[in-house]
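> Everything below, folded, please.
(one chain, ligands or ions: 2)
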Amino acid sequence: MDPPVVIWEQEVRSLLHYRDLIPSLEVALGKFSSRDSAEVIQPVRSTIPLQKHSGFMGLMPTYMERDGILTTKFVCFYKRQEGSALPAVQASVVLLDPENGNLKAVMDGEVITATRTAAVSAISAKLLMRPGAEVLAILGTGKQAQSHYTVFTEMFSFKEVRVWSRMREGVERFIQSVGGPVKGCASVEEAVRGADVIVTVTGSTEPVLYSQWITPGAHVAAVGACRPDWRELDDVLMKDAIVYVDSREGAMTESGDIILSGAEVFAELGDVINGSKAAHRERTTVFKSLGMGVEDAVSAQLVFDQWKDKK
Ligand SMILES: NC(=O)c1ccc[n+]([C@@H]2O[C@H](COP(=O)([O-])OP(=O)(O)OC[C@H]3O[C@@H](n4cnc5c(N)ncnc54)[C@H](O)[C@@H]3O)[C@@H](O)[C@H]2O)c1
Ligand SMILES: O=C(O)[C@@H]1CCCCN1
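Numbering: from 1, shown residues only. Ligands and ions are numbered 1, 2, ... in the order given. Have a look, this model is predicted:
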């Protein structure tokens, strides 16, 4: 048996491309929602609090029997003070041989997390935004904001991209770093008024996005607030919108926006991909993303396959 390989940040970045990842994620989301244990076994993430450090460690094991993929992601995430220089999320993914249990690879999970999360949000927009969408608003200016900007501008042709952060320096840094057209906004209201697609990627634990500012028919990809008592969206938005999730079980366990608002989950994204639930593009839609092990599993397998091809 070959010893395990270590594939770290820069190499993962150079091997993981949206054009390969998006089709693989669409298939994986469909398999997850088919509830066939020969396709995907992925329990809801178990978390242990790192109380002293205001954080959590999440353990995300996944087995895809038909595809022969066995992985676990270890992810630590923190409630950081706004403007903190420390990372909010750190992760590693291990890829195992399901036949023998030996370790094939250890990979940096931060690039995988940033890339696959943005790719899944883009899939939600592809399925749920209204036709002819022109304006994208991104709330937050951290790692996820960057990866969402990259994939959304690569996949779609928005006429305008707006960004907001509570920290003005955050907006300035973001504008400098993305190297493409983007308009900095001084308030959430300014960023989201008239926007067709809104991405929330903040570290907030209280609502930042309010229904009263949103044009009916907009699509919201809500990526932050991944604890049962954390929020990014207000109750009215959650109750008025048609709510889609990545995992129903995960959302009912981890999403403060769903649990505390009492909103009803209409469907998983995989149900829409499988054709068993409708995509209500004409209505205001929320895709509540919490992140799933199956997304990391297909990403890690892609990275490993590309790594082997290049050897
Ligand atoms: N759904 C998923 O799969 C998934 C995956 C990774 C990260 N996340 C979550 O996405 C969010 C962003 O992650 P990141 O890695 O980009 O973090 P980051 O620290 O790089 O960026 C966080 C951004 O949120 C802003 N922010 C922090 N506190 C805020 C507050 N109280 N109000 C408004 N803005 C605030 C910061 O200024 C920054 O712009 C986090 O909540 C993280 O847990 C979700
Ligand atoms: O699926 C994930 O990887 C993330 C990590 C941070 C918290 C939310 N979920």
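
> what sits against the closest residue to Glu249 other than its chain neighbours?
Sequence neighbours aside, Val44 is the residue nearest to Glu249 in space, at 5.3 Å (criterion: CB to CB, 6 or more residues apart in numbering). For glycine as for every other residue, the C-beta is placed from the backbone atoms N, C-alpha and C. Applying CB atoms under 8 Å, 6 or more residues apart in numbering to Val44 gives the contacts Ser247, Glu249, Gly250, Thr253, Glu254.

> do you know how far Val44 is from Ile112?
Counting by CB to CB, to the nearest Å, the gap between Val44 and Ile112 amounts to 19 Å.

> Would you point out the helix or strand in this structure whose mean pLDDT is lowest?
Least confident helix or strand, the chain: helix 168-178 with a mean of 94, by mean pLDDT, DSSP states H and E.

> after that one, next one along is what?
The helix or strand immediately downstream of helix 168-178 is strand 183-185, counting by DSSP states H and E.

> May I have the phi/psi pair for the residue of the chain found nearest ligand 1?
Ligand 1 sits closest to Gly142 of the chain, with a gap of 1.9 Å, by CB to the nearest ligand atom. Taking degrees, to the nearest 10, you get phi -90, psi -150 for the backbone angles of Gly142.

> Please apply the same query to Thr72.
Torsion angles at Thr72 (phi, psi; degrees, to the nearest 10) stand at phi -140, psi 130.

> My read is that it contacts Leu59, right?
Yes. With contact defined as CB atoms under 8 Å, Thr72 reaches Leu59; the gap is 6.6 Å.

> Just list the residues touching the residue in the chain that ligand 2 sits nearest to, thanks.
Residue nearest to ligand 2 within the chain (CB to the nearest ligand atom): Gly291, separated by 1.9 Å. Counting by CB under 8 Å, 6+ apart, Gly291 touches Arg45, Met60, Val75, Thr113, Thr117, Cys226, Asp246.

> How about Ser289?
Residues in contact with Ser289 (CB under 8 Å, 6+ apart) are Thr117, Val120, Ser121, Ser124, Ala221, Ala222, Val223, Val245, Asp246.

> Which pLDDT value goes with the residue nearest in space to the middle of the chain?
For the chain, the residue nearest the mean C-alpha position is Thr117 (2.7 Å; CA atoms, centre = their mean). Residue-level confidence at Thr117 comes out at 98, pLDDT.

> do the same with the one 5 residues further on
Reading off the confidence values, Ala122 has pLDDT 98.

> What of Ala85?
Model confidence at Ala85, given as pLDDT, is 83.

> Against Ser124, how distant is the residue lying closest to Met60 once chain neighbours are set aside?
For Met60, ignoring the flanking residues on the chain, the nearest one in space by CB to CB, 6+ apart is Gly293 at 3.8 Å. As judged by CB to CB, Gly293 and Ser124 stand 18 Å apart.

> Point out the residues in the stretch 151-300 of the chain that sit beside ligand 2.
Neighbours of ligand 2 within the stretch 151-300 of the chain, by CB under 6 Å from any ligand atom: Cys226, Leu290, Gly291.

> In contact with Glu65, which residues?
By CB under 8 Å, 6+ apart, the neighbours of Glu65 are Ser37, Ala38, Glu39, Ile41, Pro98.

> Which phi and psi values does the residue nearest to the first one when sequence neighbours are not counted adopt?
Which is Ser37. Leaving aside its sequence neighbours, Ser37 sits nearest to Glu65 (CB to CB, 6+ apart; 7.7 Å). Main-chain torsions, Glu65, degrees, to the nearest 10: phi -60, psi -50.

> Helices along this structure, start to end?
Assigned helices in the chain, in chain order: 9-15, 18-33, 109-128, 143-155, 168-178, 188-192, 235-240, 248-254, 256-259, 269-274, 293-310 (criterion: DSSP state H).

> Buried deepest among those helices, which one?
helix 109-128 (a mean of 24; mean count of other CB atoms under 10 Å).

> orientation of that one relative to helix 293-310 in degrees?
Helix 109-128 and helix 293-310 are oriented at 110 degrees to each other (axes from the mean of the first three to the mean of the last three CA atoms, to 10 degrees).

> so of the contacts of Glu65, which ones are in strands?
Secondary structure from DSSP state E places none of the contacts of Glu65 in strands.
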